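**Q** here's a sequence, model it:
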Amino acid sequence: MQQSDRFNKGFENRKAVLGAEHVEKSWAAADEFNKPMQRLVTEYCWGEVWGDETLPFKTRSIINLAMLTAMSQHHELGVHVRGALRNGVTKEEIRAVLMQAAVYCGAPLALAAFRIASDAIRAYEAETAAQPKGNAK
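**A** Got it, this is the predicted structure:
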C-alpha cells in the first residue's frame, strides 16, 4: 500500500521523538487487526499534529507529559519521557511538569508519573552513555 506524504512525515517525526528502534519495532509488530490504528496515529498524530510547526517538539513533549500524567497513561508516559529528553527537555523541566501535575491532578497520579519518569530517564541515560561518542545525538 502506498504511503501518503503525511504518513511519511509522521513516521519520520515519530522516529525523531520516540527513537527509530521503538517506532520500527511497533510498525513491524503491527498485524492486520491493529495496523490501521498504527497508520492513523502515524499519519494524523505524528504527521498532522506533530507536523504543525506552530509548536516546537520540546513544547509538545512538555504538554504530552502533563496530559499523560493526568490521564494515568503510564506506558505512554514512559515512552514520551524518553522522547522529551530527545527533544531537549531537561530532567529539571520534567520534574517541574510532574510537580505541577501533582497540584492540579493529584499526588497519586504524580507519584506514579515520577516512578515511570525515573525509570525512563535511567534507561535513556544508559542508552545514550552506551552510544559511541561519534554517534551521540
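
**Q** can we go C-alpha only for contacts and neighbour counts from here?
**A** Fine.

**Q** just say helix, strand or coil for the residue nearest the centre of the chain.
**A** Nearest residue to the geometric centre of the chain (C-alpha atoms, centre = their mean): residue 80, 2.6 Å. At residue 80 the chain is in helix, as set by DSSP: H, G, I helix; E, B strand; the rest coil.

**Q** tell me the pLDDT at it?
**A** In this model, residue 80 is scored at 97, pLDDT.

**Q** so who does it touch?
**A** 17, 18, 61, 64, 65 (C-alpha atoms under 8 Å, 6 or more residues apart in numbering).

**Q** burial count for the third one?
**A** Under the neighbour criterion other C-alpha atoms under 10 Å, residue 61 is assigned a count of 25.

**Q** nearest spatial neighbour of it, chain-adjacent residues omitted?
**A** residue 84 (5.1 Å; C-alpha to C-alpha, 6 or more residues apart in numbering).

**Q** pLDDT at the one you found, what is it?
**A** pLDDT, residue 84: 98.

**Q** roughly how far apart are the residue found closest to residue 46 once you drop the neighbours it is linked to in the chain and residue 119?
**A** Nearest residue to residue 46, sequence neighbours excluded (C-alpha to C-alpha, 6+ apart): residue 10, at 4.2 Å. Between residue 10 and residue 119 the distance is 27 Å, computed by C-alpha to C-alpha, to the nearest Å.
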